[in-house]
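>>> Have a look at this prediction, sequence included:
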Protein chains: 2
Amino acid sequence: MTGTGTTHETEIFVDPAVPLVRIVREFDAPPEKVFRAHTDPELLARWLGPRAHRMRVDHYDCRTGGSYRYLLGGDGYEFGFHGSFHEVRPGELIVQTFTFEGQPDGVALEKLVFEDLGAGRTRLTSTSLVDSFADRDAFVASGMESGVVEGYERLDELLAG
Amino acid sequence: MTGTGTTHETEIFVDPAVPLVRIVREFDAPPEKVFRAHTDPELLARWLGPRAHRMRVDHYDCRTGGSYRYLLGGDGYEFGFHGSFHEVRPGELIVQTFTFEGQPDGVALEKLVFEDLGAGRTRLTSTSLVDSFADRDAFVASGMESGVVEGYERLDELLAG
(Lines give C-alpha, C1' and ligand atoms only; values in the text may rest on other atoms or scores of the structure.)
Protein backbone atom coordinates (compact mmCIF):
# COMPACT_ATOMS: atom_id res chain seq x y z
CA MET A 1 0.00 0.00 0.00
CA THR A 2 2.15 2.85 -1.32
CA GLY A 3 -0.58 5.36 -0.52
CA THR A 4 0.64 5.51 3.07
CA GLY A 5 3.98 6.88 1.91
CA THR A 6 6.00 4.15 3.61
CA THR A 7 9.59 4.43 2.49
CA HIS A 8 11.36 2.84 5.47
CA GLU A 9 13.35 -0.28 4.97
CA THR A 10 13.36 -3.10 7.51
CA GLU A 11 16.96 -4.26 7.98
CA ILE A 12 17.53 -7.78 9.25
CA PHE A 13 21.01 -8.72 10.46
CA VAL A 14 22.10 -12.26 11.21
CA ASP A 15 25.00 -12.05 13.65
CA PRO A 16 27.94 -14.23 12.57
CA ALA A 17 29.37 -14.66 16.10
CA VAL A 18 26.30 -15.00 18.36
CA PRO A 19 23.00 -16.83 17.66
CA LEU A 20 20.88 -13.71 17.41
CA VAL A 21 18.90 -11.79 14.83
CA ARG A 22 18.80 -8.00 14.87
CA ILE A 23 15.97 -6.11 13.14
CA VAL A 24 16.25 -2.34 12.67
CA ARG A 25 13.39 -0.13 11.47
CA GLU A 26 12.62 3.58 11.60
CA PHE A 27 9.16 5.04 12.14
CA ASP A 28 7.73 8.50 11.50
CA ALA A 29 6.36 8.82 15.03
CA PRO A 30 7.89 9.68 18.42
CA PRO A 31 9.15 6.89 20.72
CA GLU A 32 6.17 7.18 23.11
CA LYS A 33 3.75 6.44 20.29
CA VAL A 34 5.74 3.53 18.82
CA PHE A 35 6.20 2.15 22.34
CA ARG A 36 2.45 2.36 23.06
CA ALA A 37 1.70 0.39 19.88
CA HIS A 38 3.78 -2.41 21.46
CA THR A 39 2.31 -2.32 24.97
CA ASP A 40 -1.41 -1.72 24.39
CA PRO A 41 -2.86 -5.07 23.24
CA GLU A 42 -5.70 -3.40 21.32
CA LEU A 43 -3.18 -1.46 19.24
CA LEU A 44 -0.84 -4.45 18.92
CA ALA A 45 -3.64 -6.58 17.49
CA ARG A 46 -4.05 -4.02 14.68
CA TRP A 47 -0.54 -4.42 13.27
CA LEU A 48 1.39 -7.50 14.54
CA GLY A 49 2.11 -10.10 11.86
CA PRO A 50 0.99 -10.47 8.26
CA ARG A 51 -2.26 -8.84 7.07
CA ALA A 52 -3.89 -12.22 6.46
CA HIS A 53 -3.69 -13.08 10.18
CA ARG A 54 -6.01 -12.21 13.00
CA MET A 55 -4.55 -11.70 16.46
CA ARG A 56 -6.44 -12.85 19.53
CA VAL A 57 -5.10 -11.74 22.92
CA ASP A 58 -5.30 -14.21 25.79
CA HIS A 59 -3.56 -11.83 28.20
CA TYR A 60 -1.03 -9.06 27.69
CA ASP A 61 0.27 -7.49 30.89
CA CYS A 62 3.15 -5.41 29.52
CA ARG A 63 4.99 -4.26 32.65
CA THR A 64 8.17 -5.40 34.41
CA GLY A 65 7.32 -8.82 35.83
CA GLY A 66 4.19 -9.26 33.71
CA SER A 67 3.46 -11.91 31.10
CA TYR A 68 1.57 -12.38 27.84
CA ARG A 69 -0.05 -14.89 25.56
CA TYR A 70 -1.65 -14.29 22.18
CA LEU A 71 -2.73 -16.30 19.16
CA LEU A 72 -2.30 -15.55 15.48
CA GLY A 73 -4.65 -17.31 13.12
CA GLY A 74 -6.12 -17.56 9.68
CA ASP A 75 -8.70 -19.84 8.09
CA GLY A 76 -8.81 -22.99 10.16
CA TYR A 77 -5.57 -22.59 12.05
CA GLU A 78 -4.18 -20.68 15.00
CA PHE A 79 -0.70 -20.46 16.57
CA GLY A 80 -0.04 -19.55 20.20
CA PHE A 81 2.84 -17.42 21.51
CA HIS A 82 3.69 -16.61 25.11
CA GLY A 83 6.37 -15.14 27.31
CA SER A 84 7.18 -12.91 30.23
CA PHE A 85 8.25 -9.28 30.46
CA HIS A 86 11.62 -9.06 32.19
CA GLU A 87 11.74 -5.27 32.03
CA VAL A 88 9.58 -2.50 30.59
CA ARG A 89 10.93 1.08 30.63
CA PRO A 90 8.26 3.41 29.16
CA GLY A 91 9.26 4.89 25.82
CA GLU A 92 12.68 3.22 25.91
CA LEU A 93 12.98 -0.51 26.33
CA ILE A 94 11.15 -3.83 26.47
CA VAL A 95 13.00 -7.03 27.44
CA GLN A 96 10.87 -10.12 27.10
CA THR A 97 10.98 -13.85 26.55
CA PHE A 98 9.22 -15.47 23.60
CA THR A 99 8.04 -18.99 22.84
CA PHE A 100 6.18 -20.19 19.76
CA GLU A 101 3.92 -22.90 21.16
CA GLY A 102 4.42 -25.10 18.09
CA GLN A 103 7.94 -25.55 19.45
CA PRO A 104 7.29 -25.44 23.20
CA ASP A 105 10.88 -26.13 24.32
CA GLY A 106 12.27 -23.22 22.33
CA VAL A 107 12.68 -19.83 23.94
CA ALA A 108 14.16 -16.55 22.77
CA LEU A 109 15.29 -13.55 24.78
CA GLU A 110 14.10 -10.40 23.00
CA LYS A 111 15.20 -6.82 23.51
CA LEU A 112 13.35 -3.89 21.90
CA VAL A 113 15.15 -0.54 22.07
CA PHE A 114 13.20 2.61 21.12
CA GLU A 115 15.63 5.35 20.12
CA ASP A 116 14.52 8.98 19.76
CA LEU A 117 15.81 10.35 16.43
CA GLY A 118 14.22 13.76 16.99
CA ALA A 119 11.69 15.48 14.73
CA GLY A 120 9.06 12.94 15.75
CA ARG A 121 11.01 9.94 14.50
CA THR A 122 12.05 6.69 16.17
CA ARG A 123 14.51 3.91 15.44
CA LEU A 124 13.41 0.55 16.80
CA THR A 125 16.10 -2.13 17.21
CA SER A 126 14.84 -5.60 18.11
CA THR A 127 17.21 -8.42 18.93
CA SER A 128 16.22 -12.02 19.40
CA LEU A 129 18.74 -14.32 21.09
CA VAL A 130 18.57 -18.12 21.22
CA ASP A 131 21.00 -20.78 22.41
CA SER A 132 21.89 -22.40 19.10
CA PHE A 133 22.80 -21.27 15.59
CA ALA A 134 20.65 -24.05 14.12
CA ASP A 135 17.54 -22.68 15.87
CA ARG A 136 18.38 -19.11 14.89
CA ASP A 137 18.89 -20.08 11.25
CA ALA A 138 15.67 -22.12 11.20
CA PHE A 139 13.82 -19.07 12.55
CA VAL A 140 15.24 -16.86 9.78
CA ALA A 141 14.52 -19.52 7.13
CA SER A 142 10.89 -19.87 8.36
CA GLY A 143 9.85 -16.79 6.41
CA MET A 144 9.71 -14.56 9.47
CA GLU A 145 11.14 -11.72 7.32
CA SER A 146 8.00 -11.24 5.22
CA GLY A 147 5.81 -11.28 8.36
CA VAL A 148 7.99 -8.68 10.08
CA VAL A 149 8.14 -6.40 7.02
CA GLU A 150 4.38 -6.58 6.50
CA GLY A 151 3.67 -6.06 10.20
CA TYR A 152 5.83 -2.91 10.27
CA GLU A 153 4.02 -1.58 7.17
CA ARG A 154 0.77 -2.05 9.08
CA LEU A 155 2.34 -0.28 12.04
CA ASP A 156 3.28 2.66 9.75
CA GLU A 157 -0.38 2.91 8.78
CA LEU A 158 -1.55 2.75 12.39
CA LEU A 159 0.93 5.45 13.45
CA ALA A 160 -0.12 7.69 10.54
CA GLY A 161 -3.83 7.24 11.33
CA MET B 1 32.13 -29.44 55.66
CA THR B 2 33.07 -33.02 54.78
CA GLY B 3 30.83 -34.33 57.55
CA THR B 4 27.82 -34.07 55.24
CA GLY B 5 29.39 -36.63 52.95
CA THR B 6 29.26 -34.38 49.89
CA THR B 7 31.27 -35.97 47.12
CA HIS B 8 29.59 -34.40 44.10
CA GLU B 9 31.59 -32.22 41.79
CA THR B 10 30.15 -29.07 40.24
CA GLU B 11 31.13 -29.01 36.55
CA ILE B 12 31.22 -25.65 34.82
CA PHE B 13 31.42 -25.60 31.01
CA VAL B 14 32.15 -22.48 29.00
CA ASP B 15 30.71 -23.05 25.52
CA PRO B 16 33.21 -22.17 22.77
CA ALA B 17 30.56 -21.46 20.10
CA VAL B 18 27.73 -19.72 22.00
CA PRO B 19 27.96 -17.15 24.84
CA LEU B 20 26.61 -19.43 27.52
CA VAL B 21 27.80 -21.15 30.67
CA ARG B 22 26.56 -24.63 31.58
CA ILE B 23 26.72 -25.88 35.17
CA VAL B 24 26.08 -29.56 35.91
CA ARG B 25 25.65 -30.98 39.40
CA GLU B 26 24.18 -34.15 40.87
CA PHE B 27 22.24 -34.31 44.14
CA ASP B 28 21.32 -37.21 46.41
CA ALA B 29 17.64 -36.34 46.43
CA PRO B 30 14.74 -36.87 44.01
CA PRO B 31 13.88 -34.17 41.42
CA GLU B 32 10.76 -33.00 43.30
CA LYS B 33 12.84 -32.18 46.36
CA VAL B 34 15.65 -30.43 44.46
CA PHE B 35 13.02 -28.53 42.47
CA ARG B 36 11.20 -27.41 45.63
CA ALA B 37 14.47 -26.03 47.05
CA HIS B 38 14.51 -23.74 43.99
CA THR B 39 10.88 -22.62 44.07
CA ASP B 40 10.14 -22.14 47.77
CA PRO B 41 11.79 -18.83 48.76
CA GLU B 42 12.19 -19.93 52.41
CA LEU B 43 14.22 -22.94 51.30
CA LEU B 44 16.09 -20.98 48.64
CA ALA B 45 17.24 -18.45 51.24
CA ARG B 46 18.88 -21.29 53.17
CA TRP B 47 21.31 -22.30 50.41
CA LEU B 48 21.64 -19.78 47.55
CA GLY B 49 25.08 -18.15 47.31
CA PRO B 50 28.14 -18.24 49.57
CA ARG B 51 27.79 -19.01 53.29
CA ALA B 52 28.89 -15.51 54.25
CA HIS B 53 25.84 -13.96 52.54
CA ARG B 54 22.33 -13.46 53.81
CA MET B 55 19.46 -13.64 51.35
CA ARG B 56 16.48 -11.34 51.69
CA VAL B 57 13.48 -12.05 49.47
CA ASP B 58 11.59 -9.07 48.07
CA HIS B 59 9.17 -11.29 46.14
CA TYR B 60 9.51 -14.75 44.64
CA ASP B 61 6.52 -15.92 42.64
CA CYS B 62 7.95 -19.03 40.99
CA ARG B 63 5.28 -19.98 38.42
CA THR B 64 4.97 -19.54 34.66
CA GLY B 65 4.48 -15.80 34.17
CA GLY B 66 5.63 -14.88 37.68
CA SER B 67 8.61 -12.78 38.71
CA TYR B 68 11.16 -12.46 41.50
CA ARG B 69 13.53 -10.11 43.25
CA TYR B 70 15.94 -10.90 46.07
CA LEU B 71 18.97 -9.36 47.70
CA LEU B 72 22.21 -10.98 48.82
CA GLY B 73 24.19 -9.13 51.42
CA GLY B 74 26.94 -9.15 53.97
CA ASP B 75 28.33 -6.60 56.39
CA GLY B 76 27.37 -3.19 55.05
CA TYR B 77 26.53 -4.18 51.50
CA GLU B 78 23.66 -5.73 49.59
CA PHE B 79 23.19 -6.67 45.91
CA GLY B 80 19.83 -6.95 44.18
CA PHE B 81 18.82 -9.53 41.57
CA HIS B 82 15.57 -9.77 39.67
CA GLY B 83 13.89 -11.49 36.76
CA SER B 84 10.80 -13.18 35.46
CA PHE B 85 9.77 -16.82 35.19
CA HIS B 86 9.11 -17.68 31.56
CA GLU B 87 8.15 -21.27 32.33
CA VAL B 88 7.96 -23.48 35.39
CA ARG B 89 7.21 -27.21 34.94
CA PRO B 90 7.04 -28.85 38.38
CA GLY B 91 9.91 -31.25 39.03
CA GLU B 92 11.33 -30.76 35.52
CA LEU B 93 12.18 -27.30 34.29
CA ILE B 94 12.55 -23.63 35.18
CA VAL B 95 13.19 -21.04 32.47
CA GLN B 96 13.83 -17.58 33.86
CA THR B 97 15.51 -14.27 33.15
CA PHE B 98 18.18 -12.88 35.46
CA THR B 99 19.61 -9.41 36.03
CA PHE B 100 22.24 -8.39 38.58
CA GLU B 101 21.13 -4.88 39.52
CA GLY B 102 24.73 -3.64 39.72
CA GLN B 103 24.67 -4.02 35.93
CA PRO B 104 21.04 -3.12 35.18
CA ASP B 105 21.28 -3.33 31.39
CA GLY B 106 22.60 -6.89 31.46
CA VAL B 107 20.23 -9.82 31.26
CA ALA B 108 20.70 -13.58 31.04
CA LEU B 109 18.27 -16.27 29.95
CA GLU B 110 18.57 -19.19 32.35
CA LYS B 111 17.34 -22.75 31.95
CA LEU B 112 17.35 -25.24 34.84
CA VAL B 113 16.68 -28.85 33.87
CA PHE B 114 16.00 -31.39 36.66
CA GLU B 115 16.78 -34.89 35.43
CA ASP B 116 15.67 -37.97 37.35
CA LEU B 117 18.64 -40.36 37.70
CA GLY B 118 16.60 -42.90 39.67
CA ALA B 119 17.41 -44.20 43.16
CA GLY B 120 16.50 -40.80 44.63
CA ARG B 121 19.13 -38.90 42.67
CA THR B 122 18.90 -35.87 40.40
CA ARG B 123 21.13 -34.22 37.83
CA LEU B 124 20.62 -30.47 37.60
CA THR B 125 21.85 -28.73 34.44
CA SER B 126 21.73 -24.93 34.50
CA THR B 127 22.54 -22.87 31.44
CA SER B 128 22.94 -19.13 31.40
CA LEU B 129 22.86 -17.42 27.99
CA VAL B 130 23.85 -13.81 27.30
CA ASP B 131 24.28 -11.85 24.08
CA SER B 132 28.06 -11.33 24.12
CA PHE B 133 31.14 -13.42 24.80
CA ALA B 134 32.71 -10.49 26.68
CA ASP B 135 29.79 -10.42 29.17
CA ARG B 136 29.82 -14.19 29.54
CA ASP B 137 33.58 -14.25 30.18
CA ALA B 138 33.32 -11.36 32.68
CA PHE B 139 30.62 -13.34 34.53
CA VAL B 140 32.87 -16.41 34.72
CA ALA B 141 35.87 -14.29 35.77
CA SER B 142 33.81 -12.59 38.52
CA GLY B 143 34.33 -15.53 40.84
CA MET B 144 30.82 -16.90 40.35
CA GLU B 145 32.31 -20.42 40.44
CA SER B 146 33.16 -20.34 44.14
CA GLY B 147 29.70 -18.96 44.97
CA VAL B 148 27.97 -21.68 42.96
CA VAL B 149 30.08 -24.49 44.42
CA GLU B 150 29.52 -23.26 47.98
CA GLY B 151 25.81 -22.74 47.37
CA TYR B 152 25.42 -26.30 46.10
CA GLU B 153 27.28 -27.65 49.15
CA ARG B 154 24.76 -25.80 51.30
CA LEU B 155 21.97 -27.30 49.18
CA ASP B 156 23.41 -30.80 49.80
CA GLU B 157 23.16 -30.12 53.54
CA LEU B 158 19.59 -28.83 53.24
CA LEU B 159 18.53 -31.88 51.20
CA ALA B 160 20.17 -34.22 53.70
CA GLY B 161 18.50 -32.50 56.65
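Arrived safely, thanks for sending.

>>> From chain B, how far off is residue A:116?
As judged by Cβ to the nearest Cβ, to the nearest Å, residue A:116 and chain B stand 17 Å apart. For every residue, glycine as well, the C-beta is placed using N, CA and C.

>>> make that residue A:34, sorry
Residue A:34 is 20 Å from chain B, by Cβ to the nearest Cβ.

>>> Assign residue A:81 to helix, strand or coil.
Secondary structure state of residue A:81, per DSSP: H, G, I helix; E, B strand; the rest coil, is strand.

>>> ok, residue A:121 - how many residues close by?
16 (other Cβ atoms under 10 Å in any protein chain shown).

>>> repeat for residue A:21
If we define neighbours as other Cβ under 10 Å, then residue A:21 has 22 of them.

>>> name the element it belongs to?
strand A:20-27 (DSSP states H and E).

>>> Look up the closest residue to residue A:83, ignoring the ones flanking it.
Nearest residue to residue A:83 in three dimensions, chain neighbours excluded: residue A:97, at 4.0 Å (Cβ to Cβ, 6 or more residues apart in numbering or on different chains).

>>> what bridges to that neighbour?
residue A:109 (DSSP bridges).

>>> how about the residues of chain A near chain B?
Counting by Cβ under 8 Å from any Cβ of the partner chain, chain A comes close to chain B at A:17-20, A:64-67, A:83-87, A:95, A:97, A:99, A:107, A:109, A:111, A:127, A:129, A:131-133.

>>> ok so, going back, partners of the strand holding residue A:21 in the sheet?
strand A:11-14 (antiparallel), strand A:121-129 (antiparallel).

>>> Tell me which stretches of chain A form helices.
Under the criterion DSSP state H, helices of chain A are mapped to A:31-39, A:41-44, A:133-141, A:144-160.

>>> tell me which residues in the third one are buried?
This points to helix A:133-141. A:133, A:136, A:139 (16 or more other Cβ atoms under 10 Å in any protein chain shown).

>>> One more: the shortest one?
By neighbour count with 16+ other Cβ under 10 Å, helix A:41-44 contains the buried residues A:41, A:43, A:44.

>>> Enumerate residues external to it that contact any of its residues.
Here helix A:41-44 makes contact (Cβ atoms under 8 Å, 6 or more residues apart in numbering or on different chains) with A:36, A:37, A:38, A:55, A:57, A:60, A:62, A:70, A:158.
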